[in-house]
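Peer 1: Model the structure of this input:
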Amino acid sequence: MSAGGADGAGPLAGLRLVELAGLGPAPFGCMVLADLGVDVVRVERPGSAATPDPVLRGRRRVGLDLKSADGVRDVLSLVAAADVFVEPFRPGVAERLGLGPVPCRDANPRLVYARMTGWGQDGPLAARAGHDIDYIAVAGALEPLRRNGSAPHAPLNLLGDLGGGGMLLVVGVLAALHERGRSGLGQVVDVAMVDGSALLTAFVHGLRAVGMWPGPPGTNLLDGGAPFYDTYATSDGGWMAVGALEPQFYAAFVDGLGLDPATLPPQLDPAGWPVLRARFTEIFAGRTRDAWTSVFEGTDACVTPVLSPWEAHTHPHNAARGAFVDLDGVVQPAPAPRFDRTPAGTPAPPTRAPALSPREVLDGWAG
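Peer 2: Predicted coordinates:
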């Protein structure tokens, strides 16, 4: 695939997106859209160096000074020919630059204008700085992420920036494009990481509503409280992940450990969980990660090795599915999901070529 989906590959081929350069969730969302065929043009500061960052793959680059009248005019010329515009600034910044929704809508009434922020376009915190850890904290998504009695621990920036932010950006853009097919008009999409992070906790709210999340963090079924849904250290310093929730999977798990279930406390009795955890910990510590992987291979025990991001591509399942690709020597996740008629193909690596001029982009779009 050529940069930006310009070769017509992927289910979203034919759509054009102008992205103002930012960090974190907006580039990630634009990467997903580019992977699926959108022709993404990223507007960067003049002289910005190209990088091998996988999140910036599948783009063409334009260098413009957004603080100059000429730069703003050139962005609006791109907006006039685009389907989607993504801006990653705090509320009010795009308006002060002359690139807010009003001038962009004047240039293109069909434009989907997506705004990516942490706190959203309004509310008491809208103008405040923040990072992933702050957004998920206020959303109620950070507090449950801890062992019993320990401090909450943010899962990198996967939950707020990328799940609650970038993926919500993709959903919002696609929904607005679908509605445009009926109305013929674009609209502003207010994407906030605090909103998306809260949305991701819906399942936990459901568990609590039906009495399946009764205790403090680290004592419940899915938060490390249950010994049959946890991780265990192996003799070589590796780890195994256990997700043996259902009775039949738990039975296969216990069998793989070589234990007699009659000698163990009942699976779902929390009073016996400390005993189970102690036994499981002792047994897992007796073999290497690879040895345990072989024990549970081919079973429905729901036990898998814990792989680092740098070794996940070597797992036979990931290798068979082509879940990772090598672009210019950088191993990275492949586009997802999969489509049978309009596959996305292999994305283009981040371009190392000099930034294009707006006229070069527009000439290509006109052709």
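Peer 1: name the element R42 belongs to?
Peer 2: strand 39-44 (DSSP states H and E).
Peer 1: what's next to that strand, contact-wise?
Peer 2: Contact partners of strand 39-44, identified using C-beta atoms under 8 Å, 6 or more residues apart in numbering, comprise 4-6, 14-21, 27, 30, 33-34, 56, 58-64, 66, 75, 78, 82, 355-356, 361, 365. From N, CA and C alone the C-beta is placed, and that goes for glycine too.
Peer 1: Would you mind checking those for buried ones?
Peer 2: Burial by neighbour count, 16 or more other C-beta atoms under 10 Å: within those this picks out 4-6, 15-21, 27, 30, 33-34, 56, 58-64, 66, 75, 78, 82, 355-356, 361.
Peer 1: Tell me which of those fall in helices.
Peer 2: Cross-referencing the buried ones among the contacts of strand 39-44 against helices under DSSP state H gives 27, 30, 33-34, 75, 78, 361.
Peer 1: so H317 sits in a helix?
Peer 2: Yes - membership of H317 in a helix is supported by DSSP: H, G, I helix; E, B strand; the rest coil.
Peer 1: ok, L221 to A252 distance?
Peer 2: Taking C-beta to C-beta, to the nearest Å as the measure, L221 falls 19 Å from A252.
Peer 1: re earlier: now render the ones in helices among the buried ones among the contacts of strand 39-44 as JSON lines, adding pLDDT.
Peer 2: Shown next, in JSON lines, are these (pLDDT from 0 to 100):
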{"residue": "P27", "pLDDT": "98"}
{"residue": "C30", "pLDDT": "98"}
{"residue": "L33", "pLDDT": "98"}
{"residue": "A34", "pLDDT": "97"}
{"residue": "V75", "pLDDT": "98"}
{"residue": "L78", "pLDDT": "98"}
{"residue": "V361", "pLDDT": "95"}
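Peer 1: got these as JSON lines, with distance to F228 columns?
Peer 2: Converted to JSON lines, these look like this (distance: C-beta to C-beta, whole Å):
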{"residue": "P27", "distance to F228": "39"}
{"residue": "C30", "distance to F228": "40"}
{"residue": "L33", "distance to F228": "39"}
{"residue": "A34", "distance to F228": "41"}
{"residue": "V75", "distance to F228": "54"}
{"residue": "L78", "distance to F228": "54"}
{"residue": "V361", "distance to F228": "55"}
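Peer 1: Find the least confident helix or strand in this protein, judged by mean pLDDT.
Peer 2: Taking mean pLDDT, DSSP states H and E as the measure, the helix or strand of the chain with the lowest value is helix 358-366, at a mean of 93.
Peer 1: who does R42 bridge with?
Peer 2: Beta-bridge pairing for R42 (DSSP bridges): E19, R61.
Peer 1: What does the pLDDT read for it?
Peer 2: Looking at R42, its pLDDT stands at 97.
Peer 1: what's around it, how many residues?
Peer 2: 27 (other C-beta atoms under 10 Å).
Peer 1: Okay, it and R279: tell me how far apart.
Peer 2: 54 Å.
Peer 1: Doesn't T304 belong to a helix?
Peer 2: No - T304: not assigned to a helix; according to three-state DSSP it is strand.
Peer 1: ok, the most centrally placed residue in the chain - contacts?
Peer 2: When C-alpha atoms, centre = their mean is applied to the chain, the residue found nearest the centroid is L162 (3.6 Å). Each residue near L162 by C-beta under 8 Å, 6+ apart is listed here: 24-25, 28.
Peer 1: now, which of those sits nearest N157?
Peer 2: G24 (6.7 Å; C-beta to C-beta).
Peer 1: Check the burial of the closest residue to that closest one other than its chain neighbours by counting its neighbours.
Peer 2: In space, and not counting its chain neighbours, G24 is closest to D161: 4.4 Å by C-beta to C-beta, 6 or more residues apart in numbering. Residues near D161, counting by other C-beta under 10 Å, number 27.
Peer 1: What's the separation between D161 and A192?
Peer 2: Noted for D161: a distance of 12 Å to A192, by C-beta to C-beta.
Peer 1: same deal with H131?
Peer 2: 14 Å.
Peer 1: Can you give the domain ranges for this protein?
Peer 2: Domains of the chain are assigned by automatic domain parsing as 3-200+320-366, 229-233+239-305.
Peer 1: Reformat the ones you listed as TSV; add distance to T314.
Peer 2: Putting those into TSV (distance: least, C-beta to C-beta, whole Å) gives the following:
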stretch	distance to T314
domain 3-200+320-366	9
domain 229-233+239-305	11
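Peer 1: Return the most buried member of those domains.
Peer 2: Ranked by mean neighbour count, the domains of the chain are led by domain 3-200+320-366 with a mean of 19 (mean count of other C-beta atoms under 10 Å).
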